[in-house]
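*Asks:* Next input, structure requested:
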Amino acid sequence: MESAILIAENVSASYRKNTVLHNVNFKVNQGTLTGIIGPNGAGKSTLIKTLLDLHPRLSGSVTFFQQPFKKAKKRIGYVPQRGSVDWDFPTNALDVVTMGLYGEIGWFKFPSRKHKEKAYEALKKVGMADYADRQISQLSGGQQQRIFLARALVQNADLYFMDEPLAGVDAQTERAIMFILQELKRNGKTVMVVHHDLQTVADYFDHVLLLNRTVIGHGKTEEIFTKENIGKTYGGNMRWLIGEEEKNVVPSYH
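*Replies:* Numbers count the residues shown, from 1 in each chain. This is a model prediction of the structure:
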């Protein structure tokens, strides 16, 4: 039996007096690629931040590799939403990626040539080596997202959290990012991705976590990503485009 590398038990969180997450429970096994799916305001970003101690928990417990986050954080990579970053900060792409190595370098030390080479290799993986010296403010949205992904990759983490890495990127960048995420999975890494496009869920993820303040369903995509469960997650705010088979039902919004 597989042992879970992430266990969340009865996790609740709030903003001011509004409960955003309520009794969230799930376990994640190694080598899975999970889409975190739910409507706007469902608590998807808050879930990641709460798991990573970036937002306080009201209750519950979280363990990574049988340890609390503080002891396991070197094994965890995080890509926040692109909109949460000050892209006007005067730095270039290579320096941003090198920041992913600060746990290895130390905060008050300068990166060595070896560290810069690691960062450059990560840029090559995401197709951004030619932009190493480019100021991040001069990059397109898709290019900025690739830089963020490279910063996470250079950490060589075992578990990655990514908050809407495909939001606002072109089709070519989306394919490139998903290829990298699927390659991470093939290499035994574990990836959890906040994702908003329901039509690509079945193609992109082998597991899903359906969330609307609490977990509606979690498990293998073919078992959990059903019309019934999606209806429970999104409520009655949807119409259904029914394909040839019941499982191919694709929801869309009014």
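
*Asks:* Quick one: residues contacting residue 23.
*Replies:* By C-beta atoms under 8 Å, 6 or more residues apart in numbering, the contact set of residue 23 is 10-12, 60, 214. Using the backbone N, CA and C atoms, a C-beta is placed for each residue, glycine as well.

*Asks:* Residue 133 contacts residue 94, doesn't it?
*Replies:* Yes. Taking C-beta atoms under 8 Å as the definition, residue 133 is a contact partner of residue 94 at 6.7 Å.

*Asks:* Residue 13 against residue 56, yeah?
*Replies:* Yes. Under the criterion of C-beta under 8 Å, residue 13 makes contact with residue 56 at 6.9 Å.

*Asks:* Compare the two (neighbour count), which wins?
*Replies:* residue 13 (22 against 9; other C-beta atoms under 10 Å).

*Asks:* Could you measure from residue 190 over to residue 95?
*Replies:* With the distance defined as C-beta to C-beta, to the nearest Å, residue 190 ends up 28 Å from residue 95.

*Asks:* so where do the helices sit in this structure?
*Replies:* Taking DSSP state H as the test, the helices found in the chain are 44-51, 69-72, 93-98, 102-105, 113-125, 141-153, 171-186, 201-204, 221-224, 227-234.

*Asks:* And those: which comes nearest residue 34?
*Replies:* For the helices of the chain, proximity to residue 34 was assessed by C-beta to C-beta; helix 221-224 is nearest, at 8.9 Å.

*Asks:* what sits up against the closest one?
*Replies:* Taking C-beta under 8 Å, 6+ apart as the rule, helix 221-224 contacts 35, 201-202, 205-208, 210, 217-218, 247.

*Asks:* quick one: buried residues of that helix?
*Replies:* Neighbour-count burial for helix 221-224, counted by 16 or more other C-beta atoms under 10 Å, picks out 221, 224.

*Asks:* mean confidence score for that helix?
*Replies:* The average pLDDT for helix 221-224 rounds to 96.

*Asks:* If we ignore the residues flanking it in sequence, what's nearest residue 54?
*Replies:* In this structure, residue 54 finds its nearest non-sequential neighbour in residue 48, 7.9 Å apart by C-beta to C-beta, 6 or more residues apart in numbering.

*Asks:* contacting residues for residue 30?
*Replies:* Residues in contact with residue 30 (C-beta under 8 Å, 6+ apart) are 2-3, 5, 158, 188, 190.

*Asks:* Residue 190 and residue 95: which has the busier surroundings?
*Replies:* Between residue 190 and residue 95, counted using other C-beta under 10 Å, residue 190 has the larger neighbour count: 23 against 18.
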